[in-house]
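Novice: quick one, structure for this:
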Amino acid sequence: MNPRLIRHIILAGDLLWIVLASVAAFILRTGSPLSWPELSIAFRASMFLMTSAGICWVLVFHKMKLDGFYGGYDVAAVLSQLFTGLFTLVVLIACSGFLLREATSRLILLNFCVIFFVMAFGGRMFARAITRQFSGAGKRHRVVVMGKGRIAQEIAQRIQKHPEMRWEVVGFLFPTGDDFVEPILHAAPSSQLNSLQIESLLDRQQVDELILTSPVQEQGQMLNLVANCKQRGIKVSVVPSMYQLYVTRPSLIDLDGLPLVRLGEAQPQLLQSAIKRAIDISIGALLLLVSAPALIFGVLMLWMQKGKAIVAEPRCGCQAKPFRMYRFNVKRGSGSDVSATEKMLRLLSFTELPQLFNVLKGDMSLVGPRPEPLERVKRYSDWQRQRLCCKPGLTGLAQVHGLREESSSEDKSYYDLRYLQDRSLLGDLSLILQTAWTISCRFMAEAPARFELSTPHTTEPTPEFVELAHADRS
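Specialist: From the prediction side, this is the model:
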């Protein structure tokens, strides 16, 4: 299945949903019967809404990557992206109506949004089910990843999230004597592989493509490997060696046949920073007002139990500037001496609610890399320090993927730098919605166990890289 064709089909489906939602919204508003004459009237009356929504949606669809495949068809991501895209669409429709002096009933617009959202989400879930159903049928594109570590693992995980590509990772290949090769080759620790042996191995395994994530020791071997793979009909893809440094989308420059990868600047525009600050203040104040009962409850309960409800901990902010981060005085961990109040506050992430005051003060933002202690930051590598180029946030991409404060800085840095690549105001809104989804799912999954004091809390170990390779092979 061609991923580009699938995306075009999803966009075509969205345009069809726009037509149907426009007509249905008019029918619901007027209460007209479902007859051909009435449907014809509804179609003509909805022409402006259909036209403006269709044109604007094509722009929003491509700008925000709303096909549902970007990010691996995660349900929370699809819901939040559709919501932010629909919000943008309503703003554009309102602006176009104002400029063209075409009024649209608010009730019709509301009905249109609800109907279109349901249809668009259902269409994406149907496409997801179809692609997963047919991903195993027929011949798949067999891929071998040459390399090890984080990048190789990340490639395998992303391929697994995209069944529409019909790719299959059949193994990882490490062409040096010190590396362990798994699963397509079991080499003795002292053995060495040259390019010819690698090509023969790939040919026997009927490999369609080789992805290079680490270079062969000798440049001559690399050139021979690429040339001979092409002769055998094996495609070769290369992950740039400085992939981890990207905090913005790199651009490729062709200098008389010499490819150059330009790393762009990660600094946001002044207008974008001003709007982000305005959103932080407005939404932060609203969240503070809505969460006031939970704040008051937490303060009273912790004050009665511990004598101190809120603590201010030193954290590292934007450009490594230190600040005091507020949080509830809740003990980390889940031992038997932790009260039910502390468990509840930690389970719902209410321990971070006092940080809304940090947002209003300007020390933090609603969305961004989570602030870490100064001692941790002192041990940062130059690569990890890139996450300090923006204000820390209440939540971020790492938190949406389940990483918590006790997770390693390196793991969080990968997600934080991915956030810096694609950060936008609408992307921040999407992450806020995904955070609410993540907290709700975690509460439903962990609430029964958290309140059983006799049951010790255990954390499942993260599968090792070799175990992931075995899973791919099976």
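Novice: show me where the stretch 251-400 of the chain has helices.
Specialist: Under the criterion DSSP state H, counting those that start in this stretch, helices of the stretch 251-400 of the chain are mapped to 270-290, 292-306, 340-347, 355-361, 374-378, 397-400.
Novice: so where's the stretch 201-350 of the chain uncertain?
Specialist: Along the stretch 201-350 of the chain, segments meeting pLDDT under 70 span 214-221, 241-249, 263-268, 333-336.
Novice: distance between stretch 28-39 and the chain's centre?
Specialist: Its chain's C-alpha centre and that of stretch 28-39 lie 42 Å apart, by C-alpha atoms, centre = their mean, to the nearest Å.
Novice: other residues contacting it?
Specialist: With C-beta atoms under 8 Å, 6 or more residues apart in numbering as the test, stretch 28-39 has contacts from Val23, Phe26, Ile27, Ile41, Ala42, Ser105, Leu107, Ile108, Asn111. C-betas here are computed from N, CA, C, even on glycine.
Novice: run the last query once more with 7 Å
Specialist: Val23, Ala42, Ser105, Leu107, Ile108, Asn111 (C-beta atoms under 7 Å, 6 or more residues apart in numbering).
Novice: hang on, the earlier thing: reformat the helices of the stretch 251-400 of the chain as TSV; add distance to Gly122.
Specialist: Below are these laid out as TSV (distance: least, C-beta to C-beta, whole Å):
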stretch	distance to Gly122
helix 270-290	29
helix 292-306	34
helix 340-347	32
helix 355-361	35
helix 374-378	44
helix 397-400	23
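Novice: and Ile234, which of these is closest to it?
Specialist: helix 397-400 (34.4 Å; C-beta to C-beta).
Novice: ok now that closest one, how far from the chain's centre?
Specialist: With C-alpha atoms, centre = their mean, you get 8 Å for helix 397-400.
Novice: I'd like the next helix or strand past that helix.
Specialist: Next in sequence after helix 397-400, counting helices and strands by DSSP states H and E, comes helix 409-422.
Novice: could you list the low-pLDDT ranges of the stretch 351-474 of the chain?
Specialist: 446-474.
Novice: and with 90 instead?
Specialist: For the stretch 351-474 of the chain, the stretches flagged by pLDDT under 90 are 351, 381-387, 389-390, 398-427, 430, 433-474.
Novice: that older thread, who wins on neighbours among the contacts of stretch 28-39?
Specialist: Val23 (23 neighbours; other C-beta atoms under 10 Å).
Novice: my read is that it contacts Ile41, right?
Specialist: No. With contact defined as C-beta atoms under 7 Å, Val23 does not reach Ile41; the gap is 9.8 Å.
Novice: circling back: in helices, which of the contacts of stretch 28-39 appear?
Specialist: Of the contacts of stretch 28-39, the ones assigned to helices by DSSP state H are Val23, Ala42, Leu107, Ile108, Asn111.
Novice: where does the helix or strand encompassing Met119 sit relative to the chain's centre, distance-wise?
Specialist: Using DSSP H and E, Met119 sits within helix 106-134. When distances are taken as C-alpha atoms, centre = their mean, helix 106-134 is centred 20 Å away from the chain's centroid.
Novice: please name every helix or strand in contact with it.
Specialist: Here helix 106-134 touches helix 3-30, helix 75-100, going by 3 or more C-beta pairs under 7 Å, 6 or more residues apart in numbering; DSSP states H and E.
Novice: return the set of buried residues in it.
Specialist: 108-109, 111-113, 115-117, 119-121, 123-124, 127-128, 131 (16 or more other C-beta atoms under 10 Å).
Novice: my guess is Ser430 meets Ser80, correct?
Specialist: Yes. Here Ser430 reaches Ser80: they are 4.1 Å apart, a contact under C-beta under 7 Å.
Novice: show me what contacts Met364?
Specialist: Applying C-beta under 7 Å, 6+ apart, we find Met364 in contact with Gln355, Asn358, Pro371, Lys391, Pro392, Gly393, Leu394.
Novice: between these, which has the most around it?
Specialist: Going by other C-beta under 10 Å, Pro371 tops those with 27 neighbours.
Novice: sorry, back to before: who touches both of Val23 and Ile41?
Specialist: Common contacts of Val23 and Ile41 (C-beta under 7 Å, 6+ apart): none found.
Novice: flag every buried residue along the helix or strand containing Trp57.
Specialist: Element membership for Trp57, per DSSP H and E: helix 47-64. By 16+ other C-beta under 10 Å, the buried positions in helix 47-64 come out as Phe48, Leu49, Met50, Ser52, Ala53, Cys56, Trp57, Val60, Phe61, Met64.
Novice: contacting residues for the third one?
Specialist: So the one you mean is Met50. Ile18, Val19, Ser22.
Novice: contacting residues for Thr435?
Specialist: By C-beta under 7 Å, 6+ apart, Thr435 lies in contact with Thr395, Gln399, Val400.
Novice: what's around the second one, how many residues?
Specialist: Gln399 is surrounded by 25 other residues when neighbours are defined as other C-beta under 10 Å.
Novice: what's the answer for the last one, then?
Specialist: As a burial measure, the neighbour count of Val400 was computed by other C-beta under 10 Å and equals 23.
Novice: surely it touches Ala436?
Specialist: No. If you go by C-beta under 7 Å, Val400 and Ala436 don't touch, sitting 10.1 Å apart.
Novice: on that earlier part again, among the ones in helices among the contacts of stretch 28-39, which one sits closest to Gly68?
Specialist: Nearest to Gly68 out of those is Asn111 (C-beta to C-beta; 23.4 Å).
Novice: mind checking how far that closest one is from Phe126?
Specialist: To Phe126, Asn111 is 22 Å away according to C-beta to C-beta, to the nearest Å.
Novice: same thing with Arg324?
Specialist: Distance, Arg324 to Phe126, by C-beta to C-beta: 50 Å.
Novice: which ones are touching Asn283?
Specialist: Not quite, residue 283 is Ile, not Asn. Leu366.
Novice: I'd like the numbering to begin with 39 instead of 1 from here.
Specialist: Renumbered: residue one is now 39, and that last one reads Ile321.
Novice: how about the strands in the stretch 239-388 of the chain?
Specialist: Secondary structure of the stretch 239-388 of the chain (DSSP state E, counting those that start in this stretch): strands at 247-250, 273-276, 289-293, 296-300, 348-354, 360-366.
Novice: looking at the ones you listed, which is nearest to Glu380?
Specialist: Glu380 sits nearest to strand 360-366 of all the strands of the stretch 239-388 of the chain, at 8.2 Å, using C-beta to C-beta.
Novice: tell me the domain ranges of the protein?
Specialist: 41-172, 179-277, 308-488 (automatic domain parsing).
Novice: reformat these as JSON lines; add distance to Arg300.
Specialist: Output for the domains of the chain, formatted as JSON lines (distance: least, C-beta to C-beta, whole Å):
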{"stretch": "domain 41-172", "distance to Arg300": "22"}
{"stretch": "domain 179-277", "distance to Arg300": "17"}
{"stretch": "domain 308-488", "distance to Arg300": "14"}
